[in-house]
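1. When you get a sec, could you give me coordinates for this:
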Amino acid sequence: MPPLPPAFSDVLDALIPSDLRPRVDASYTAPKAVVFRINPLRAPDAAAVLTALAPLRPEPVAGVEGVFRLPADDRDALTHHPMATDGSLYIQGVASMAAVWALQPQPGEEVLDLAAAPGGKTALIAASMANQGRLAAVEPVRARFFRLKANLQRLGVRNAQLYLKDGAQVGRLVPGRFDRVLLDAPCSSEAQFTRLDPTSWAHWSPKKVRASAALQSRLLRSAADALKPGGVLIYGTCSLSPEEDECVLDALLRERDDLWPEPLPWPVDLPALPGLTAWRQQPLHPDLTLARRVLPTEWTDAFFLCRLRKRG
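-> A predicted model of the protein is given here:
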């Protein structure tokens, strides 16, 4: 089994405490358990969905309603099940769902998903809003935009307006408009690495990390500009590298004094570390310790999350 890229292993060495490292290392060598949520926009009766899944026996994820997991061997059966095909359930990593739980969207609000494709988080936002209010979903890549559109239709989302647009322009075009903004930023996709498939990191390099950070910075500034005073902004990536996470946030927080980190609502006991306040001898904003870096394990993908509040 081939090793992970040395430069990425160096990141793990610097980030992961020794007592947690064996579990993290093991996550790269075996298929992960599959996590899914029941979609209330298509299936208000969760019990009926679980009955229809027999003989599969999903295990509830403690702390959240309607979220379950199955062994990795059941992934194909779940993926091709009619309940997945018709949108009654949606396969989605629990750390990905946590971004929406941290956003806490409410019915009747105006919410922006600034990098929305393929639409799993967008659909969970719509479900949290009970399809009430306005949900703006932005995606700049044409093929991904149409995949987003198809997914939202399949999942029963009715309160979303979709925009084929560069998210970096949105804050300038509609400043101070949204009650809540989610930016799950395009990243170097370190959460997708697996030693079972070396092509999972074929695109990755320290140069890719730096390029991702530059794009993330532009999008984060746009997200902050689009947010109403008093509003909530969630910044997330599926990358472990601090250059894409705390360092991007640190640059924004040092530029402007109308944003500050807040504690994350955290309903699930996810394996996570506090955000860093220094990296590679560079001091970072002290309140970034309120962010969380979800660790890759046998059932979770790597993810980084930070919640920001805009001064009212």
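2. Could you export stretch 149-167 as PDB, CA atoms only?
-> Taking only C-alpha atoms (Å, rounded to 0.1, in the frame of the first residue of the first chain), the coordinates of stretch 149-167 have been written out as PDB:
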ATOM      1  CA  LYS A 149     -29.700  22.000  -9.800                       C
ATOM      2  CA  ALA A 150     -30.600  18.400 -10.400                       C
ATOM      3  CA  ASN A 151     -29.700  17.400  -6.900                       C
ATOM      4  CA  LEU A 152     -31.800  20.100  -5.300                       C
ATOM      5  CA  GLN A 153     -34.800  19.100  -7.500                       C
ATOM      6  CA  ARG A 154     -34.400  15.500  -6.500                       C
ATOM      7  CA  LEU A 155     -34.200  16.400  -2.800                       C
ATOM      8  CA  GLY A 156     -37.300  18.500  -2.800                       C
ATOM      9  CA  VAL A 157     -35.800  21.900  -2.300                       C
ATOM     10  CA  ARG A 158     -38.200  24.700  -3.300                       C
ATOM     11  CA  ASN A 159     -36.900  27.800  -1.600                       C
ATOM     12  CA  ALA A 160     -33.500  28.000  -3.400                       C
ATOM     13  CA  GLN A 161     -32.500  30.400  -6.200                       C
ATOM     14  CA  LEU A 162     -29.500  29.200  -8.100                       C
ATOM     15  CA  TYR A 163     -26.800  31.500  -9.600                       C
ATOM     16  CA  LEU A 164     -24.100  30.500 -12.100                       C
ATOM     17  CA  LYS A 165     -21.600  33.100 -10.800                       C
ATOM     18  CA  ASP A 166     -18.200  33.700  -9.300                       C
ATOM     19  CA  GLY A 167     -18.800  33.800  -5.600                       C
END
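3. buried ones in that stretch?
-> Of all the residues in stretch 149-167, those buried under the rule 16 or more other CB atoms under 10 Å are 149, 151-152, 154-157, 159-160, 162-163, 167. Glycine gets a C-beta too; all of them are placed from N, C-alpha and C.
4. pLDDT on it, on average?
-> Averaged across stretch 149-167, pLDDT comes to 98.
5. Pull the distance from it to the chain's centre.
-> Here the centre of stretch 149-167 is set off from its chain's centre by 17 Å, with CA atoms, centre = their mean, to the nearest Å.
6. now do stretch 19-28
-> 21 Å.
7. ditto for stretch 203-215
-> For stretch 203-215 - counting by CA atoms, centre = their mean - the centre lies 18 Å from the chain centre.
8. in it, what counts as buried?
-> By neighbour count, with 16+ other CB under 10 Å as the criterion, the buried positions of stretch 203-215 are 204, 208-209, 212-213, 215.
9. If you count neighbours, what's buried in stretch 82-101?
-> Neighbour-count burial for stretch 82-101 flags 83-84, 87-90, 92-101 (criterion: 16+ other CB under 10 Å).
10. Just the C-alpha atoms of it, please, in PDB.
-> Listed next in PDB are the C-alpha coordinates belonging to stretch 82-101 (Å, rounded to 0.1, in the frame of the first residue of the first chain):
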ATOM      1  CA  PRO A  82     -34.700   3.400  -4.200                       C
ATOM      2  CA  MET A  83     -34.800   5.500  -1.100                       C
ATOM      3  CA  ALA A  84     -31.500   7.100  -2.100                       C
ATOM      4  CA  THR A  85     -32.500   7.400  -5.800                       C
ATOM      5  CA  ASP A  86     -35.700   9.300  -5.000                       C
ATOM      6  CA  GLY A  87     -34.100  11.600  -2.400                       C
ATOM      7  CA  SER A  88     -35.700  10.200   0.700                       C
ATOM      8  CA  LEU A  89     -32.200   9.800   2.100                       C
ATOM      9  CA  TYR A  90     -28.900  11.400   1.300                       C
ATOM     10  CA  ILE A  91     -25.500  10.000   1.800                       C
ATOM     11  CA  GLN A  92     -23.400  12.700   3.400                       C
ATOM     12  CA  GLY A  93     -20.400  12.800   5.800                       C
ATOM     13  CA  VAL A  94     -21.300  13.900   9.300                       C
ATOM     14  CA  ALA A  95     -18.600  16.600   9.400                       C
ATOM     15  CA  SER A  96     -20.200  18.000   6.300                       C
ATOM     16  CA  MET A  97     -23.600  18.100   8.000                       C
ATOM     17  CA  ALA A  98     -21.900  19.800  11.000                       C
ATOM     18  CA  ALA A  99     -21.300  22.900   8.800                       C
ATOM     19  CA  VAL A 100     -25.100  23.400   8.500                       C
ATOM     20  CA  TRP A 101     -25.700  22.500  12.200                       C
END
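11. That'll do, ta.
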